[in-house]
Every structure is written in C-alpha cells, then in structure tokens.
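*Asks:* Sequence and predicted model, in that order:
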Amino acid sequence: MHTDDIAWNHAYFGWGAVLVENILRRLHRGEAVHFRPDAWITYDRPGSITIPAGADFIWVEGTGVIREELAPWLDASVWMQGDLDEQQRLLVARDGDSPEQLEHVANWLLEELPFMLREQPWGRATMIVAGPPQIDHDPDTELVVAPPTSP
C-alpha cells in the first residue's frame, strides 16, 4: 500500500488519521479494505485502495509512515536513509524536471524537512537501511549490517 495514494491531492503529510480510520483499523480487525479517498472521488480518479481480508503481511510504503501517531498500528518499520542529491537525481529520472515537477518537489521539501525534524523516523525505526556503505564488500553476495544507533 502506497501512502502516495492516501496523500494524492490531499496533503503531503496530513493523512495519518485517514490511513488509520480507513485502512489500518480495518486491517487490524481482519477486514478487507476497499477505500476510495475523498480526493479520488473529487478528481474522478479511477480505482480504489484494495487489500484482501486476512492478509498475512501488509507493507505500507512511503515517507511519513514512521511517526508517533501511527506507531500503535505498525508491527515493524524500516527507515531507508538516502542522500538528498541522489534522491533528487532519481526523482528527475522518474518524474522529469518540468517546472511543475520542480515546484512540486520544492513544496514537498517545505513540509518534509520540518516533518522529519519533528518525528525523527530513523529513531523509531525497527531497522535502518542506509545508502551505499563505506565498507568494502561484494554487493552481489554480501550485505553490510551495522549495529543500531542509540536514541
């Protein structure tokens, strides 16, 4: 499940209650999810967020998942640490660098950076996956694992 689907034409980070009330609460009761966010209806976006009842495992993907208000609903969390310049390069490769896209990214960062400073998701994460490690290794056969940092 992608948080971008919850946030689509809603809010960059102000979607926690929507996620809990319409998806996570239902999943914790073992119910199926078939949810069309209000913005999908307003803007006539087809489809819905659909998750079958009794799913053994649900991965909720997206920046902003690891936050205090969602902690009671998550069994585990993974923080993926990346380099901002590399993230920008990947965004441009995926979404282009039109003026509209660059404005979207700038507006995102205006909310993302304060959110990150406030919530510090890396400190709450069950596991941290970092960018390229500084330890020489064979990436095809080896994984570099570091001990957790203390909060």
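*Replies:* In hand now; what should we look at? Numbers count the residues shown, from 1 in each chain.

*Asks:* Nearest the geometric middle of this structure, what residue?
*Replies:* In the chain, the centroid-proximal residue (CA atoms, centre = their mean) is Gly62; its distance is 1.1 Å.

*Asks:* Ramachandran angles for that residue?
*Replies:* phi 150, psi 150 (degrees, to the nearest 10).

*Asks:* ok, now which ones touch it?
*Replies:* Gly62 makes contact with His2, Thr3, Asp4, Ala7, according to CB atoms under 8 Å, 6 or more residues apart in numbering. Every C-beta, even on glycine, is put in place using the N, C-alpha and C of the backbone.

*Asks:* Hmm, the second one is touching Glu61, no?
*Replies:* Yes - at 6.7 Å, Thr3 counts as touching Glu61 under the criterion of CB atoms under 8 Å.

*Asks:* who has more neighbours, those two?
*Replies:* Thr3 (19 against 12; other CB atoms under 10 Å).

*Asks:* how close does Lys94 get to Ile66?
*Replies:* Just to correct that, residue 94 is Arg rather than Lys. 22 Å (CB to CB, to the nearest Å).

*Asks:* higher neighbour count, these two?
*Replies:* Taking other CB under 10 Å, Arg94 and Ile66 do not tie; Ile66 has more neighbours (21 against 8).

*Asks:* could I have the biggest helix by length in the chain exported to CSV, CA atoms only?
*Replies:* In the chain, assigned by DSSP state H, the helix with the most residues is helix 99-119. Output of helix 99-119 as CSV, limited to C-alpha atoms (Å, rounded to 0.1, in the frame of the first residue of the first chain):
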residue,chain,number,x,y,z
PRO,A,99,8.8,23.5,-13.9
GLU,A,100,5.6,22.0,-12.4
GLN,A,101,7.5,18.9,-11.2
LEU,A,102,10.3,21.0,-9.7
GLU,A,103,7.7,23.2,-8.0
HIS,A,104,6.0,20.1,-6.6
VAL,A,105,9.4,18.8,-5.2
ALA,A,106,10.1,22.2,-3.7
ASN,A,107,6.7,22.3,-2.0
TRP,A,108,7.2,18.7,-0.8
LEU,A,109,10.5,19.6,0.8
LEU,A,110,9.0,22.6,2.6
GLU,A,111,6.8,20.1,4.5
GLU,A,112,9.1,17.1,4.5
LEU,A,113,12.1,18.7,6.3
PRO,A,114,10.1,20.0,9.3
PHE,A,115,8.2,16.7,9.5
MET,A,116,11.5,14.8,9.6
LEU,A,117,12.9,17.1,12.3
ARG,A,118,9.8,16.7,14.4
GLU,A,119,9.2,13.0,14.0
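
*Asks:* If anything else comes up later, I'll come back, but that's it for now.
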